[in-house]
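# no sequence on hand, only this structure:
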RNA sequence: GGGGCCGUGGGGUAGCUUGGUAUCCUUGCUGGUUUGGGACCGGCCGACCGCAGUUCAAAUCUGCGCGGCCCCA
């Protein structure tokens, strides 16, 4: 039972592979999912990486409640307008109707800033930089897809207050860099960074920086975001303080988040027709040992396999000594799950003091002396990472096309690619592009040259457009 | 917002037109022989989305509900 073909039918392949690799099960409520150990452990790898980066930068972890009173959520008008359609409400406790209904957090700006306003009195209280690892609920109405669009998901959300806009700006850039490293160095996924349009930016932000990439079906996907909130929240929430000149001023704020959507992006981009391919640095188990057992010759092989497992402990090795399954079956099992390297050891290898080492990304097999195994694994894991990254990078680069007219943009997008165009920045033009080509505005950078491909006006953005998740 | 398609064991399916014992694959459990690329033989567990109607009899026909998918705006 081979997997569905990834190229010709991506969405069926995706649904199938995440089930076969035992990543999730569906929850009883539409749009919810159970993250099983195979996917949760990858999330833990991301958590470990991001958390240590945040902490090294001086961010502390905290936890705020998931229930947000309606009047708090409503304090910033753009914010509530943006999130209102997707908020899930708690209205009852048992049979008693609550006096004020409670939102289940779709994001935590409002509940955190309510507390921040109490805590911040002086310039000495700043900067305040807190992060939390939590679940959020956004009641999406588009059809759900595991990881990519779920009504409940896990993420970290960082929320900071600075005395000056400059400091806040610097933090947004820094967080975007950390996210970029997470994608590129940990997950082997190339991304492009840019500013969201006024329409697409976070509800209540002055500007949003996003990282985006392309999925195998040619649709772009927003992979994470960092927002500069200006004083849009600090004013209604009264986050103010006495500065060094004894003047009462409002704080400058950011928020930034990275969610379990990233897992879906990773499974989708790296997987192949055999199943998942987990990038080595994020793989909870980097190596699997499959002993080849012949009747009557099991003992020495198992002994050697166990010794290998012990000596390669730092790679979190799995030893597949299940009885009653053929070696071929085991190979396939681990290929579906995407373990980066497989070691095969049989009687022949024990005799020769060697093993067969197989890469998941290319399928290439080599025979290695046990004495050289550790150093070979180390260099192969590095090579697998860069090979996976390069492959994805090439795909992304080939999928971005500079265009100079609307018809060109339409053509590029219909071919499953992302178009890059000069754009005047007007929301009206953005709507027109969406309507005529089906392409959404992704992100882009400010420019002072070029002319808008739609109306010829001076461009303010060099912007990416594409079909999008 | 408009239109179309579909709900059958854990997963994938046949059966529905023409109402009558629910098919096959796979997973899982189990016993044995195996094991260098998804082993084989035997045994077992497991399903017609819900409600109402028509009928001697409904997975099949009708209505409503719930759920899923696709296309268009």
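In hand now; what should we look at? From a predicted model like this one, the values you see are computed outputs, not experimental measurements. Numbers count the residues shown, from 1 in each chain, chains lettered A, B, ... in the order given.
# what does the pLDDT read for whichever residue of the stretch 101-250 of chain A sits closest to RNA strand B?
Ranked by CB to the nearest atom of the strand, the top residue of the stretch 101-250 of chain A for proximity to RNA strand B is residue A:143, at 3.4 Å. Glycine gets a C-beta too; all of them are placed from N, C-alpha and C. Residue A:143 carries a pLDDT score of 75 in this model.
# for it, what are its contacts?
By CB atoms under 8 Å, 6 or more residues apart in numbering, the contact list for residue A:143 reads residue A:149.
# quick one: it and residue A:31, what's the gap?
9 Å (CB to CB, to the nearest Å).
# shared neighbours, those two?
residue A:149.
# tell me which element the residue of the stretch 101-250 of chain A closest to RNA strand B falls in.
Assessed by DSSP states H and E, residue A:143 sits outside every helix and strand.
# and it, how far from residue A:323?
Counting by CB to CB, the separation of residue A:143 from residue A:323 is 42 Å.
# and what of residue A:392?
38 Å.
# up against RNA strand B, what does chain A have?
Taking CB under 7 Å from any atom of the strand, the part of chain A that reaches RNA strand B is made up of A:1-3, A:11, A:19, A:30-31, A:143-144, A:274, A:292-295, A:323-329, A:331-333, A:335-336, A:342, A:344-349, A:356, A:358, A:363, A:365, A:435.
# domain assignment for chain A?
By the assignment in automatic domain parsing, chain A contains the domains A:10-270, A:287-396, A:403-466.
# can you lay out those as a markdown table showing distance to residue A:279?
Below are those laid out as a markdown table (distance: least, CB to CB, whole Å):
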| stretch | distance to residue A:279 |
| --- | --- |
| domain A:10-270 | 4 |
| domain A:287-396 | 5 |
| domain A:403-466 | 23 |
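# out of those domains, which comes closest to residue A:280?
Nearest to residue A:280, of all the domains of chain A, is domain A:287-396, at 4.2 Å by CB to CB.
# so what would you say the end-to-end distance of that closest one is?
Terminal residues of domain A:287-396 are spaced 29 Å apart (CA to CA, to the nearest Å).
# for it, what does the pLDDT average out to?
Domain A:287-396 carries an average pLDDT of 96.
# of residue A:392 and residue A:323, which one has the most company?
Neighbours were counted for residue A:392 and for residue A:323 using other CB atoms under 10 Å; residue A:392 has more, 23 against 6.
# part of a helix, is residue A:30?
No - with DSSP: H, G, I helix; E, B strand; the rest coil as the criterion, residue A:30 is coil rather than part of a helix.
# now stretch A:74-89: average pLDDT?
For stretch A:74-89, the mean pLDDT works out to 90.
# contacts for it, please.
A:70, A:73, A:101-104, A:106-107, A:109-110, A:137-141, A:151, A:202-204, A:232-233, A:236-237.
# so which of those residues belong to helices?
Counting by DSSP state H, those place A:70, A:73, A:109, A:110 in helices.
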